[in-house]
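Q: coords please:
(4 chains)
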Number of protein chains: 2
Amino acid sequence: MDRRQEILLAAEKSFSLFGYKATTMDQVAKIANVGKGTIYTFFSNKEELFQAIVRQMVEEMRRVSEESTIAGASFEVNAHARLMQLLKFRETHQLYVKLIEEEKELRTPMVSEVLASIEEEIIEFVRQKIERGISKGELKPCNSELVAYLLFKSYLALVVDWSKTHDRQLSEEEIAQLLSDTIFSSLLV
Amino acid sequence: MDRRQEILLAAEKSFSLFGYKATTMDQVAKIANVGKGTIYTFFSNKEELFQAIVRQMVEEMRRVSEESTIAGASFEVNAHARLMQLLKFRETHQLYVKLIEEEKELRTPMVSEVLASIEEEIIEFVRQKIERGISKGELKPCNSELVAYLLFKSYLALVVDWSKTHDRQLSEEEIAQLLSDTIFSSLLV
DNA sequence: TCATTGACCGTAAAACGTTTATGGTCACTA
DNA sequence: TAGTGACCATAAACGTTTTACGGTCAATGA
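A: Just a heads-up that it's a prediction; the model follows:
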């Protein structure tokens, strides 16, 4: 068995179960069946190990998001599908859920940092899709950075924030309809 | 001098300067030049006193927002002016700034509650403006609750959140342009 | 008579000293 | 020489004491 891989598996399990702060290097070493020192031959500290795990997750998110793409469908349909998929991942994936909880409850700085960087990556991802839409002639030229930001924040607000102040959750149809009428319609050529 | 008024002035000063948690009833009594017991003849507890002060502030916000309205201007121009005014107030008014800081640093539950209710009021205010725009035939019929929510959250994201992850702040023109192209354009008849 | 007061009360939070746990190292080992 | 776990310094958790606070109410005096 690959020691590095064992460590990554153990770390993923522990971070997912206990979060960043409550995960100890002794814990990870025990789960991975290695001495604590061994971890430090692969990762220079806890922070780096954590970031390696998060990078894995971000890759998985990217994969899942791309998989939800429907070949031949419009920009709007695919952007909607991908963003909803990402937000579903956010509320479903054990590690992501745990990190959001930790950010809210403990305010662990490392966790805040990592969550912010994930958001940035998603927005950059959306931006690239918009640029692609423009260069394919499907979308009007626009400030893709701003539009990507607005689009992502809108989804976040409607999917995540809305249910915090209203008891019912918005249905996917309502969200799709609202954004189709407003932001999306203005992007199309 | 009106004792009730003295107390309100003292409370406003103290809450603005120190926030909710760090304001003590002894403090307020001293500033107001009244015995502590006197406060309790007008307000049944600290929470009620605080809410009275916040209600004052919300009224001031409403006034300031209405004042920024340009008679005869379009829905878009006025909605933009009012929302920018409200967000400026949010970042300028001593008490509001202090409460946002306290919510972030201390997470005082009462403060979170009050800030949430202010947001709700603003959104309801926007909703009414939208409904009015519809009944005047200036706007297409739409789900005003959802649109108001989206609009407010968009402004919040562009004005407040953007500068947290990007070093430069968005100019008012950029914001006006972006939202004019996207959300506003879709609302007009 | 009754509005006003501040000493007083119970409680919750701050302060503090002590103990425990944790990230990281490195001499030792197999 | 890759791998280990006892070890170290430090920081976080814990338990206890002290302080501070919101709220009350008997006393006061206008």
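Q: helices along chain A, start to end?
A: Here chain A has its helices, by DSSP state H, at A:3-18, A:25-32, A:36-42, A:46-67, A:75-92, A:94-105, A:109-135, A:144-156, A:162-165, A:172-179, A:185-187.
Q: any idea which of those is most buried?
A: Across the helices of chain A, averaging neighbours per residue (mean count of other Cβ atoms under 10 Å in any protein chain shown) puts helix A:144-156 on top, at a mean of 22. For the C-beta atoms, the positions are set from N, CA and C on the backbone; glycine is no exception.
Q: pLDDT score for the spatially closest residue to residue A:186 that is not a sequence neighbour?
A: Among residues not flanking residue A:186 along the chain, residue B:182 sits closest, at 4.5 Å (Cβ to Cβ, 6 or more residues apart in numbering or on different chains). As predicted, residue B:182 sits at a pLDDT of 95.
Q: same check, this time on the one 5 residues further on
A: The per-residue pLDDT reported for residue B:187 equals 95.
Q: for residue A:113, same thing?
A: Looking at residue A:113, the pLDDT reads 98.
Q: kindly report the domain assignment for chain A.
A: Taking automatic domain parsing as the domain assignment, the ranges for chain A are A:1-44, A:50-187.
Q: picking up where we left off before, looks like the residue nearest to residue A:186 contacts residue A:182 (just checking).
A: Yes: the criterion here is Cβ atoms under 8 Å, and residue B:182 meets it with residue A:182 at 6.4 Å.
Q: got the contact list for the closest residue to residue A:102 other than its chain neighbours?
A: Closest residue to residue A:102 apart from its sequence neighbours, by Cβ to Cβ, 6+ apart: residue A:19 at 4.1 Å. Counting by Cβ atoms under 8 Å, 6 or more residues apart in numbering or on different chains, residue A:19 makes contact with A:98, A:99, A:101, A:102, A:106, A:108, A:111.
Q: from these, which is closest to chain B?
A: Nearest to chain B among the contacts of residue A:19 is residue A:106, at 11.6 Å by Cβ to the nearest Cβ.
Q: show the contacting residues for the closest residue to the closest one other than its chain neighbours.
A: Spatial nearest neighbour of residue A:106, chain neighbours left out: residue A:21 (5.8 Å); criterion: Cβ to Cβ, 6+ apart. Going by Cβ under 8 Å, 6+ apart, residue A:21 touches A:102, A:106, A:108, A:111.
Q: farthest pair within these?
A: Largest separation among these by Cβ to Cβ: A:106 and A:111, giving 7.5 Å.
Q: can you give me phi and psi for the most far-flung residue of chain A relative to its centre?
A: Ranked by distance from the centre of chain A (Cα atoms, centre = their mean), the top residue is residue A:35, with 32.0 Å. Phi and psi for residue A:35, reported as degrees, to the nearest 10, are phi -70, psi 150.
Q: residue contacts, the closest residue to it other than its chain neighbours?
A: Among residues not flanking residue A:35 along the chain, residue A:29 sits closest, at 6.2 Å (Cβ to Cβ, 6+ apart). By Cβ under 8 Å, 6+ apart, the contact set of residue A:29 is A:10, A:35, A:36, A:38, A:39.
Q: same deal with residue A:189?
A: So residue A:189 contacts A:137, A:138, A:139, A:140 (Cβ under 8 Å, 6+ apart).
Q: buried subset of those residues?
A: residue A:139 (16 or more other Cβ atoms under 10 Å in any protein chain shown).
Q: near DNA strand D, which residues of chain A are found?
A: Within chain A, the positions near DNA strand D by Cβ under 7 Å from any atom of the strand are A:3, A:21, A:33, A:34, A:35, A:36, A:37, A:38, A:40, A:41.
Q: residues making contact with stretch A:154-162?
A: Residues outside stretch A:154-162 that contact it (Cβ under 8 Å, 6+ apart): A:83-84, A:87, A:90-91, A:169-170, A:175, A:178-179, A:183, B:146, B:149-150, B:153-154, B:157.
Q: low-confidence ranges in chain A?
A: For chain A, the stretches with pLDDT under 70 are A:1.
Q: nearest to DNA strand D within it, name that residue for me.
A: residue A:37 (2.0 Å; Cβ to the nearest atom of the strand).
Q: circling back to that earlier point, just the contacts of residue A:21 now: which is nearest residue B:25?
A: Nearest to residue B:25 out of the contacts of residue A:21 is residue A:106 (Cβ to Cβ; 31.7 Å).
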